[in-house]
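Enquirer: Output the structure for:
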Amino acid sequence: MKPMRDRLLLLLTGAALAAAPAAAQQSCEDLTKLALPDITVRTAVPVPAGKFIPPGENLFGDVPAFCRVTGIIQPEVKFELWMPTQWNRKLLAVGNGGLAGTINYRQMMEPLQRGYATSSTDTGHEGRGNDASWAQGHMQRVIDFAHRSIHVMAQADKALIQAYYGARPAHAYFSGCSQGGQEALMSVQRYPQDFDGVIAGDPANFWTHNQVDHLWTVVVTQGDSYIPASKVPMLAEAVNQACDALDGIKDGILNDPRRCHFDPANLMCKSGDAPTCLTAAQVDAVKKLYEGPGAQIYPGLLPGGEAGPGGWSNWVTGSQPGTSGHGNLGLPFFRYIVFEDPNWDVRSFRFQAAPGFDNDVQFTDYKLGPIFNATSTDLSAFRANGGKLIQYHGWSDPDITPLNSVNYYESVAKAMTGAPDFYRLFMVPGMQHCTGGPGPGKFDMVSALEQWVEHGNAPERIVASHVTAAGAVDRTRPLCPYPQQAQWKGTGSTDQEENFACVEVKP
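Expert: Here you go, the predicted structure:
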């Protein structure tokens, strides 16, 4: 008997699709009667146009009429597929965040409104927040979370679309940020025929070392080294004072933080502690955060964008010790997935390079790297399939260092001649993790991908906007394909994108 993974691969073949007639559209309700290998369609319900509130979400929006399908792929991968009555003949699947465990309804709304069939999965386990207890003793769940779930969902999507519309999608796209960015690059590398267009935002693709960096942040901010959230605005202001004008504009945005060589020792208290300075231990912690756990492990955070609700007060310091975003992600991963011990103590982790398995970084890579890491520089199969990849990353990301994206893109460009013909990276000045921050962080990557895949128009410039808390656009800037950067032409408002040119600036 073929293993389950081989059986699921059959979904892309005519044999598996025989259950879904090639030219006969089926009603939404009849989709529950489909017999597909390892797939159970639990419900298929027509949803009328109008207001729609997804389950468990505190949001609603206007949606077109659509067929809402819920299902499960063996053994435990739950998914939803929404198929609009007025279909644009395309699929746009969306990714997850954190440690997943839920359907990403929030990200499914916009594709549906744009006429896409859209889907999401819980990645093979149930769990809200950053719970990882589901993983202990369940390696299949770990594998589904790491890479398999998006792949089998894509196959199920195509089979159901074929059955409902009587036609396969003309184009299949995927978009995700953070863990969803890892899913995106994993699809490109491991399953290059699933999607012909992929958007990877702020990707955690070097998953094991990104998790090590989470621990690094926890360890270097313990005890006397803890930095209260109340001191973050002071640090942010000092960084801007030192580096904001390096790009020729004083606007609260570091165009390329790699040029900033801010020394946190400038903020050291003269004696004792005070709200307006950093203690020696806190200065040392900031330096270690900028340095990262080591050049051979993972690069550190970059200066800029420390302030704000999506900045260091959320990801690095937390509202109090032990509540940071880094800790909430890294600690569960190592307790339940790496060491499989709920009582594991982060203080025992060994960062230092050492031979064999005397180093916990090496142990983590050995056990989980082949499952989680999407770091291959060979994207030839994806390119040969006509695939196009757009990656973006906020220069002020306090969760996944933007240097991770720069390093990965440069490694692919070095390994593959003509990489920009199918793969482009857009760095976003002032954007924090996937959104927010002082810079323009609202943009339409989907339209750019459509133009590239469907019309051959490679993205040379993508307009991004900064939106105020009141919902008004107060600044626009162009995003440029790396290594180009947006440079002010010297005349006109610096809040209008047409006054900037994309040029290559040496760091």
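
Enquirer: my read: residue 177 touches residue 97, true?
Expert: Yes - with contact defined as C-beta atoms under 8 Å, residue 177 reaches residue 97; the gap is 7.2 Å. Every C-beta, even on glycine, is put in place using the N, C-alpha and C of the backbone.

Enquirer: Need the overlap of contacts for those two.
Expert: When C-beta atoms under 8 Å, 6 or more residues apart in numbering defines a contact, the residues bordering residue 177 and residue 97 alike are residue 434.

Enquirer: quick one: which of these two has more around it?
Expert: Neighbour totals were compared for residue 177 and residue 97, and residue 177 leads with 28 against 21 (other C-beta atoms under 10 Å).

Enquirer: In the beta-sheet assignment, what are the partners of the residue nearest to the more buried one when sequence neighbours are not counted?
Expert: Nearest residue to residue 177, sequence neighbours excluded (C-beta to C-beta, 6 or more residues apart in numbering): residue 201, at 3.2 Å. Beta bridges link residue 201 to residue 177, residue 392 when assigned by DSSP bridges.

Enquirer: separation between residue 201 and residue 175?
Expert: The gap separating residue 201 from residue 175 is 8 Å, by C-beta to C-beta, to the nearest Å.

Enquirer: Over to residue 70?
Expert: In terms of C-beta to C-beta, residue 70 sits 21 Å off from residue 175.

Enquirer: Those two: who's more crowded?
Expert: Comparing residue 70 with residue 175 by other C-beta under 10 Å, the one with more neighbours is residue 175, at 26 against 17.

Enquirer: ok, residues contacting whatever helix or strand the more buried one lives in?
Expert: Per DSSP states H and E: residue 175 is located in strand 171-177. If you take C-beta under 8 Å, 6+ apart as the criterion, strand 171-177 is touched by 89-97, 107, 116, 150, 154, 157-158, 182-184, 187, 194-203, 434, 445-446, 449-450, 453-454.

Enquirer: Quick one: buried ones out of those?
Expert: 90-97, 107, 116, 150, 154, 157-158, 182-184, 187, 194-203, 434, 445-446, 449-450, 453 (16 or more other C-beta atoms under 10 Å).

Enquirer: now, which of these lie within helices?
Expert: Residues of the buried ones among the contacts of strand 171-177 located in helices (DSSP state H): 107, 150, 154, 157-158, 182-184, 187, 445-446, 449-450, 453.

Enquirer: quick one: which of those residues is nearest to residue 32?
Expert: For these, the closest approach to residue 32 (C-beta to C-beta) belongs to residue 157, at 16.2 Å.

Enquirer: still on that earlier bit, let's have the ones in helices among the buried ones among the contacts of strand 171-177 in TSV, adding pLDDT and distance to residue 296.
Expert: TSV is the format used below for those (pLDDT from 0 to 100; distance: C-beta to C-beta, whole Å):
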residue	pLDDT	distance to residue 296
107	95	35
150	98	30
154	98	35
157	98	40
158	97	41
182	98	21
183	98	26
184	98	26
187	98	28
445	98	32
446	98	37
449	98	34
450	98	40
453	98	37
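
Enquirer: Output those as TSV; include the columns distance to residue 438.
Expert: Formatted as TSV, those follow (distance: C-beta to C-beta, whole Å):
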residue	distance to residue 438
107	24
150	33
154	36
157	38
158	41
182	26
183	28
184	26
187	32
445	20
446	24
449	26
450	29
453	32
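
Enquirer: and which of those is nearest residue 245?
Expert: residue 445 (29.8 Å).

Enquirer: mind showing which ranges of the stretch 401-507 of the chain have poor pLDDT?
Expert: Residues of the stretch 401-507 of the chain that meet the criterion pLDDT under 70 lie in 507.

Enquirer: Which residue ranges of it form strands?
Expert: 423-428, 462-467, 473-479, 484-488, 500-504 (DSSP state E, counting those that start in this stretch).

Enquirer: Isn't residue 499 up against residue 489?
Expert: Yes - using C-beta under 8 Å, residue 499 makes contact with residue 489 at a distance of 5.4 Å.

Enquirer: Tell me which of the two has more neighbours.
Expert: residue 499 (17 against 11).

Enquirer: Spatially, and excluding backbone neighbours, which residue is closest to that one.
Expert: Of all residues not flanking residue 499 in the chain, residue 492 sits nearest, at 3.6 Å (C-beta to C-beta, 6+ apart).

Enquirer: Wait, that neighbour touches residue 498, no?
Expert: Yes - shown here, residue 492 and residue 498 form a contact pair, counting by C-beta under 8 Å, at 7.3 Å.

Enquirer: what separates stretch 246-258 from the chain centre, distance-wise?
Expert: Relative to its chain's centre, stretch 246-258 lies at 24 Å (C-alpha atoms, centre = their mean, to the nearest Å).

Enquirer: With only the CA atoms kept, save that stretch in CSV.
Expert: In CSV, the C-alpha atoms belonging to stretch 246-258 read as follows (Å, rounded to 0.1, in the frame of the first residue of the first chain):
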residue,chain,number,x,y,z
LEU,A,246,21.7,59.3,7.3
ASP,A,247,19.5,58.9,4.3
GLY,A,248,19.2,62.6,3.8
ILE,A,249,15.7,63.0,5.3
LYS,A,250,14.8,63.4,9.0
ASP,A,251,11.4,61.6,9.1
GLY,A,252,11.6,59.1,11.9
ILE,A,253,12.5,56.3,9.4
LEU,A,254,15.8,54.5,8.9
ASN,A,255,15.9,53.8,5.2
ASP,A,256,18.7,51.2,5.7
PRO,A,257,19.4,50.5,9.4
ARG,A,258,22.6,48.7,8.5
